[in-house]
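In: predicted structure and sequence below. I'll ask about it afterward.
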Amino acid sequence: MSTITYGSGTDPMKSAIRYAVLILVGLILGLPLGIRLGHRTFDRGNEMFSEVLALSEYETLAGIQYKESDFPHAKLALQDLIKFMDEMETNNKPELQRSTELDRGIAYMRLAFLEEKAGNASESATYIHKAQAVLSKRDGSEQSEEHLREQVTRYDRTPTYKLPGIFLLSRKM
Amino acid sequence: MKKWLSSLVPLSIGLGIGCGIGYFSALLNAGAKNVLVTSPTGSGFQQVFTGMGKLYAFETLASNCKGSSDMQFVLGNEADLIVKFREAANGSGLNPAIDVAESRLAIRNAIAAEAAKDSKLQSEQEARARKLLESSGWRDPSEARMRRVITALDDEECRQSPTARVPTQ
């Protein structure tokens, strides 16, 4: 039995199979490429979005407690906020690191203010050093105690409950 | 040359389709991991993280900046979330101010009851809020104080929103 051939001399069945195989090969090659490209595009943005939402609420509740509650509750809320930020880092959620460092520095300064008001000068000094260390790690600059006191006191006078790093990020979203 | 070109066309088509499917599946996968969609599972921290993200979303809706939120739906869901969130936070080693979140919700419910002229529900919710604020160490645990905090929170939220706030209370 002879095979029917056309002008070009190719069997159309064979050509169709060849095309199908080539499409399949392209599909198999394209799939991981698309997945990789998609992960690069969406994962970071999605992670950041989730982190901003979670940290915004945590900072809001801690901020309310700092402004409205007594010394032990305000202190507990701020220490817990710092613990949450630490856990975010250890759980591989470092997308917001720079913003988190700023907010962590302010949280330490607020703890310093609370300890100072409670008459605990040495604890206050420890928290100020921690604030300076965190902010120095963030941008390499050395911030004086006076400058930090002035900045945080000014921020505390605003009606905002979120800390500035997250507040600015959430405004962009 | 012609044969080579005729092979490149189906290969490119396949590559394009494969890339598209992969990209779309990555989008779906990323969406499924979003705190707004995923249910609070995993480690204690992960559950608190997800719960906090959802709580923020409900509070954004409760701020009602556009004046179009279904408040009954939002406040009902926020109440369910706080119950689950309290359980999740228990074993997490974290101590988020859930009592403050619950008292905020109670005052939002009281405001809704006031608008519906249900004075019994309003006073019940205000009493609940006061009790929670006392246990949270508030210097002024009155419902008036929490109302002022809510107003400030809503203003903060609506300042961030591109749409001007429509007063609903």
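Out: Thanks, I have the structure now.
In: low-confidence stretches in chain B?
Out: Where chain B drops to pLDDT under 70, the residues are B:1, B:160-169.
In: got the domain ranges for it?
Out: What automatic domain parsing lists as the domains of chain B is B:1-33, B:40-160.
In: turn the ones you listed into CSV, including distance to A:Gly38 and mean neighbour count.
Out: Where you see a C-beta, it was placed from the backbone N, CA and C, and this is true even at glycine. Formatted as CSV, the domains of chain B follow (distance: least, CB to CB, whole Å; neighbours: other CB atoms under 10 Å in any protein chain shown):
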stretch, distance to A:Gly38, mean neighbour count
domain B:1-33, 2, 15
domain B:40-160, 22, 19
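In: number of nearby residues for A:Arg110?
Out: 25 (other CB atoms under 10 Å in any protein chain shown).
In: restricting to C-alpha, output the helix or strand hosting B:Ala144 in PDB.
Out: Element membership of B:Ala144 [criterion: DSSP states H and E] is helix B:143-160. Backbone C-alpha positions of helix B:143-160 (Å, rounded to 0.1, in the frame of the first residue of the first chain) are rendered in PDB as follows:
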ATOM      1  CA  GLU B 143     -17.500  53.800  76.300                       C
ATOM      2  CA  ALA B 144     -17.100  57.500  75.400                       C
ATOM      3  CA  ARG B 145     -13.300  57.100  75.400                       C
ATOM      4  CA  MET B 146     -13.500  54.000  73.100                       C
ATOM      5  CA  ARG B 147     -15.800  55.900  70.800                       C
ATOM      6  CA  ARG B 148     -13.200  58.700  70.500                       C
ATOM      7  CA  VAL B 149     -10.500  56.000  69.800                       C
ATOM      8  CA  ILE B 150     -12.800  54.500  67.100                       C
ATOM      9  CA  THR B 151     -13.400  57.900  65.500                       C
ATOM     10  CA  ALA B 152      -9.600  58.500  65.400                       C
ATOM     11  CA  LEU B 153      -9.000  55.000  63.900                       C
ATOM     12  CA  ASP B 154     -11.700  55.600  61.300                       C
ATOM     13  CA  ASP B 155     -10.200  59.000  60.400                       C
ATOM     14  CA  GLU B 156      -6.800  57.400  60.100                       C
ATOM     15  CA  GLU B 157      -8.100  54.600  57.900                       C
ATOM     16  CA  CYS B 158     -10.200  57.000  55.700                       C
ATOM     17  CA  ARG B 159      -7.300  59.400  55.300                       C
ATOM     18  CA  GLN B 160      -5.500  56.500  53.700                       C
END
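In: returning to what we had before: which stretch among the domains of chain B comes nearest chain A?
Out: Closest of those to chain A is domain B:1-33, at 2.2 Å (criterion: CB to the nearest CB).
In: does the closest one reach chain A?
Out: Yes: Domain B:1-33 lies within reach of chain A by CB under 8 Å from any CB of the partner chain, at B:7, B:10-27, B:29-31, B:33.
In: follow-up on the earlier one: and the helix holding B:Ala144, what does it pack against?
Out: On a contact count with 3 or more CB pairs under 8 Å, 6 or more residues apart in numbering or on different chains; DSSP states H and E, helix B:143-160 meets helix A:12-68, helix B:44-63, helix B:98-115, helix B:119-135.
In: tabulate these (a markdown table), appending distance to A:Leu168.
Out: Formatted as a markdown table, those follow (distance: least, CB to CB, whole Å):
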| stretch | distance to A:Leu168 |
| --- | --- |
| helix A:12-68 | 10 |
| helix B:44-63 | 16 |
| helix B:98-115 | 23 |
| helix B:119-135 | 29 |
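In: and those helices: which comes nearest B:Met71?
Out: helix B:98-115 (5.8 Å; CB to CB).
In: where in chain A is pLDDT low?
Out: Those would be A:1-10, A:92-95, if you go by pLDDT under 70 across chain A.
In: which non-adjacent residue is nearest A:Tyr66?
Out: A:Ala74 (4.8 Å; CB to CB, 6 or more residues apart in numbering or on different chains).
In: A helix includes the one you found, no?
Out: Yes: assignment of A:Ala74 by DSSP: H, G, I helix; E, B strand; the rest coil places it within a helix.
In: give me the nearest residue to the residue nearest to the spatial centre of chain B, chain neighbours excluded.
Out: Nearest to the mean C-alpha position of chain B, by CA atoms, centre = their mean, lies B:Ala57 at 2.3 Å. The shortest distance from B:Ala57 to any non-neighbouring residue, by CB to CB, 6+ apart, is to B:Leu36 (5.5 Å).
In: tell me who's in contact with that neighbour.
Out: A:Leu53, B:Gly53, B:Lys54, B:Ala57 (CB atoms under 8 Å, 6 or more residues apart in numbering or on different chains).
In: wouldn't the last one be in contact with A:Leu53 here?
Out: When you say that, I think you mean B:Ala57. Yes: between B:Ala57 and A:Leu53 a contact is recorded at 6.4 Å, counting by CB atoms under 8 Å.
In: overlap in contacts, the two.
Out: What both B:Ala57 and A:Leu53 touch, as defined by CB under 8 Å, 6+ apart, is the set B:Val35, B:Leu36.
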